[in-house]
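Asker: How does the following fold in three dimensions:
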Amino acid sequence: MQANALQFLKIQLQFNNEVISKNLAGISNEEAMVFPNGEVNNVNWVLGHLIFIRNAMIKILGGTTVWNDEEYSFYDRGAKPLEHKNEFPDFEFLKSKFEKSSEEIFSALEKMVNVKPETVEDLAALMLHEIYHAGQFGILRRILGKEGAIK
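Answerer: Numbering: from 1, shown residues only. Model (predicted):
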């Protein structure tokens, strides 16, 4: 069962990567900084938040995190993005860190042998969280006036 759960997480991660990549295609740094209605989380924050959460996943898996969470704590749950918008890194930097997080998670998953059921549950919860935010990119993309990317 554990091997099947890990395989499922790998497949889900790959699907998420594809959905997120398609939804982020063609979005500029300037567009990623637009706060819809002047308050809704922007593309930059949602992507940074996913990287922040992926770091938690990487830690659970025993891998090497892609950045120092303290330095990027404004992407943590409960942060107020509008208060930190001047601290947000460039969108290309975030996309590269997101890709690096994928590589690190896949690498760590490949090395896992004995997995505790609670670890699988934690990873599944984090993956559900990521799926939730991945869907937001599709909505934010449309708000920015772009055509839907998932057909």
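Asker: in what helix or strand does the residue nearest the centre of the chain lie?
Answerer: Compute the mean C-alpha point of the chain, and by C-alpha atoms, centre = their mean the closest residue is residue 50, 2.5 Å away. Element membership for residue 50, per DSSP states H and E: helix 43-61.
Asker: what do you get for residue 9?
Answerer: helix 2-24.
Asker: the inter-axis angle of that helix versus helix 43-61?
Answerer: With axes from the mean of the first three to the mean of the last three C-alpha atoms, to 10 degrees defining the directions, helix 2-24 sits at 160 degrees from helix 43-61.
Asker: CA atoms of stretch 46-61 as PDB?
Answerer: Backbone C-alpha positions of stretch 46-61 (Å, rounded to 0.1, in the frame of the first residue of the first chain) are rendered in PDB as follows:
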ATOM      1  CA  VAL A  46       0.300  31.900  -4.800                       C
ATOM      2  CA  LEU A  47       3.400  30.500  -6.600                       C
ATOM      3  CA  GLY A  48       5.700  31.600  -3.700                       C
ATOM      4  CA  HIS A  49       3.200  30.000  -1.300                       C
ATOM      5  CA  LEU A  50       3.300  26.700  -3.100                       C
ATOM      6  CA  ILE A  51       7.100  26.700  -3.000                       C
ATOM      7  CA  PHE A  52       6.900  27.500   0.700                       C
ATOM      8  CA  ILE A  53       4.500  24.500   1.200                       C
ATOM      9  CA  ARG A  54       6.600  22.300  -1.000                       C
ATOM     10  CA  ASN A  55       9.600  23.000   1.300                       C
ATOM     11  CA  ALA A  56       7.500  21.400   4.100                       C
ATOM     12  CA  MET A  57       6.900  18.400   1.800                       C
ATOM     13  CA  ILE A  58      10.600  18.200   1.100                       C
ATOM     14  CA  LYS A  59      11.400  18.300   4.800                       C
ATOM     15  CA  ILE A  60       9.000  15.500   5.500                       C
ATOM     16  CA  LEU A  61      10.700  13.500   2.700                       C
END
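Asker: Show me how far that stretch is from its chain's centre.
Answerer: Centroid separation for stretch 46-61 versus its chain: 6 Å, with C-alpha atoms, centre = their mean, to the nearest Å.
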